[in-house]
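*Asks:* build me a model from this:
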Amino acid sequence: MINLVDISAVKASEEKLGFAHAYTNALIGSIHEPLVVLDRESRIEAASASFYALFGGRPTDSFGRPLLSSHAHQLDTPRALVPGSRRESYRAR
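*Replies:* Just a heads-up that it's a prediction; the model follows:
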């Protein structure tokens, strides 16, 4: 018995998903403030370059790892708690 299935809908969905993923990564890459995207278990899915510049690490080392295990020591600092627009005034104190 041969079973034929039309997979064009699946291929179209995969293509749309790939486009959405690329678009999302481009948006994250264009954000100047530190941004991290987490999944439901607080694992790093994506982060902006400014996030890595501020907290250290690399995307290849952080992807899929829990945020607190990846960046726990850096997140315990005032720079993680002070909004970017107020960071300069905070340093002046």
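
*Asks:* now the strands for this protein?
*Replies:* Here the chain has its strands, by DSSP state E, at 36-38, 44-47.

*Asks:* S13 is nearest to which of these?
*Replies:* For S13, the closest of these is strand 44-47, at 20.0 Å, according to Cβ to Cβ. Bear in mind the C-beta positions are built from the backbone N, C-alpha and C, glycine included.

*Asks:* name the helices or strands packed onto that closest one?
*Replies:* Here strand 44-47 touches helix 8-30, strand 36-38, helix 59-62, going by 3 or more Cβ pairs under 8 Å, 6 or more residues apart in numbering; DSSP states H and E.

*Asks:* among the ones you listed, which is the most enclosed?
*Replies:* With neighbours defined as mean count of other Cβ atoms under 10 Å, these peak in mean count at strand 36-38, which reaches a mean of 15.

*Asks:* which residues are in contact with that one?
*Replies:* I28, I44, E45, A46, A47, S48, F51, L67 (Cβ atoms under 8 Å, 6 or more residues apart in numbering).

*Asks:* residues in contact with the fifth one?
*Replies:* Just to be clear, that refers to A47. I28, P34, L35, V36, V37, P59, S62.

*Asks:* quick revisit: nearest to S8, of the strands of the chain?
*Replies:* strand 44-47 (29.0 Å).
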